[in-house]
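Student: Using only what follows, build the 3D model:
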Amino acid sequence: MHIIDVFGGEKLPVSFEIFPPKGDLPVEEAREVIGGLAPLSPSFVSVTYSAGGSGNSSRTIDVAKMAQDEYGLNMMAHLTCMNADRAGIDSVLASMKAAGIENVLALRGDAVPGATPKDFKFAKDLIPVAREAGFCVGAAAYPEGHIDCLDFDESIRHLKEKQDAGAQFFVTQLFFDNDVALQFLDAARKAGITVPITFGIMPFLSKAQIQRMVFMCGASLPSPIIKLLARYEDDPKALRQAGIDYACQQFVGLSKEGVDGLHVYTMNRPDIAQAAVQALRDAGAIA
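Tutor: Numbers count the residues shown, from 1 in each chain. The predicted model follows:
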């Protein structure tokens with residue numbers, strides 16, 4: 001099923017992201033994660049792809065295929081183009097198609113130090129290639145602007161370029177302040193971005209993790225989170241629960257604003273997805 005078809009109905013689309021586990025048996029390890037997510041009936045599940053062209057496309061495809069074939073889930077495979085050439089991208093897309101995958105999230109990927117881009121410099125260069133290959137194609141959006149882009153208006157222009165290149169929907173990077181996300185949504189709509197935007201949230205589970213997230217993504221920390229970090233700094237279990245509770249509050253708050261969709265960065269922990277879905281059910285946002 002093409003992901004674009006899950007938007008616009010009466011049901012609020014709620015989706016999950018997972019990553020291919022490391023090790024010798026990634027599909028077997030992923031099966032346990034998928035087994036915990038499938039009963040939640042997600043609108044779709046995305047599977048990440050290694051950054052910088054390091055090439056774990058086979059794991060991404062294997063996990064997506066397993067989830068489709070064994071659990072009947074609607075899957076989306078991430079695909080990065082940094083340091084990739086056209087022949088390599090065509091090969092990966094052909095493998096995805098052979099596996100029955102219909103949806104791709106087109107990403108630039110993290111820059112590789114010292115590497116020179118080949119046939120693709122930005123995600124907008126990858127999008128039309130995936131569309132021409134017959135895929136439903138989504139792309140990333142950044143509520144606070146891309147970390148490599150200091151000008152927010154320029155970041156919105158880049159988003160519009162992705163839509164113009166053929167992106168059919170957007171999934172946002174994580175954020176911790178719903179007001180920031182809604183301001184971004186308003187700016188995007190005013191800029192002529194009309195495709196669905198589903199908002200991605202990742203709960204913070206530890207102080208070290210949130211530090212990595214802030215520096216990797218450029219997400220700002222609102223005062224309530226800083227206070228939670230201070231309160232539970234010496235209680236890792238309580239801090240983890242506080243992070244999940246905070247994320248659930250974000251999901252419920254966004255659902256009341258009529259957003260196009262919600263995306264849970266599960267970190268391969270089904271209990272995070274379960275908590276988000278339960279909070280939305282308790283709030284009457286989903287059945």
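
Student: Show me what the helix or strand containing residue 278 is packed against.
Tutor: Secondary structure assigned from DSSP states H and E places residue 278 in helix 270-282. On a contact count with 3 or more CB pairs under 8 Å, 6 or more residues apart in numbering; DSSP states H and E, helix 270-282 meets strand 14-18, helix 26-37, helix 236-255, strand 261-265. (Each C-beta comes from the backbone N, C-alpha and C, glycine too.)

Student: for those, which one ends up most surrounded?
Tutor: Each of the helices and strands packed on helix 270-282 was assessed for mean neighbour count using mean count of other CB atoms under 10 Å. The highest is strand 261-265, with a mean of 26.

Student: strands paired with that one, and their directions?
Tutor: Strand pairing for strand 261-265, using DSSP bridges, gives strand 14-18 (parallel), strand 197-201 (parallel).

Student: just to revisit the earlier point, just the angle for the helix holding residue 278 relative to helix 236-255, thanks.
Tutor: Helix 270-282 runs at 40 degrees relative to helix 236-255, counting by axes from the mean of the first three to the mean of the last three CA atoms, to 10 degrees.

Student: what is the mean pLDDT for helix 270-282?
Tutor: The predicted model gives helix 270-282 an average pLDDT of 98.

Student: which parts of it are buried?
Tutor: 270, 272-277, 279-280 (16 or more other CB atoms under 10 Å).

Student: how about residue 129, what does it touch?
Tutor: Residues in contact with residue 129, defined by CB atoms under 8 Å, 6 or more residues apart in numbering, are 86, 89-90, 93.

Student: same thing but 10 Å
Tutor: 79, 81, 86, 89-90, 93, 104, 106, 119-120, 135, 137, 165-166 (CB atoms under 10 Å, 6 or more residues apart in numbering).

Student: repeat for residue 122
Tutor: With CB under 10 Å, 6+ apart, residue 122 has these contacts: 81-82, 106-108, 158, 161-162, 165.

Student: wait, isn't residue 196 in contact with residue 12?
Tutor: No. Residue 196 lies out of contact with residue 12 (CB atoms under 10 Å); the separation is 11.5 Å.

Student: Number of residues surrounding residue 118?
Tutor: The burial count assigned to residue 118 is 16, neighbours taken as other CB atoms under 10 Å.

Student: same check, this time on residue 85
Tutor: Using other CB under 10 Å, residue 85 has 14 other residues around it.

Student: what's the spacing between it and residue 3?
Tutor: When CB to CB, to the nearest Å is the yardstick, residue 85 and residue 3 sit 27 Å from each other.

Student: With residue 231 instead?
Tutor: Summarising the geometry, the distance separating residue 231 from residue 3, computed by CB to CB, is 39 Å.

Student: Pick out whichever of these two has more residues nearby.
Tutor: When residue 231 and residue 3 are compared on other CB under 10 Å, the one with more neighbours turns out to be residue 3, at 28 against 12.

Student: and the more buried one, what does it touch?
Tutor: Contacts were defined as CB under 10 Å, 6+ apart; by that measure residue 3 touches 13, 15, 43-44, 46, 74-76, 102-105, 135-138, 168-169, 171, 196, 198, 261.

Student: same thing with residue 127?
Tutor: For residue 127, the contacting residues are 81, 104, 106-107, 120, 135, 137-139, 161-168, taking CB under 10 Å, 6+ apart as the criterion.

Student: Give me the buried subset of the residues you listed.
Tutor: Among the contacts of residue 127, those buried by neighbour count (16+ other CB under 10 Å) are 81, 104, 106-107, 120, 135, 137-139, 162-163, 165-168.
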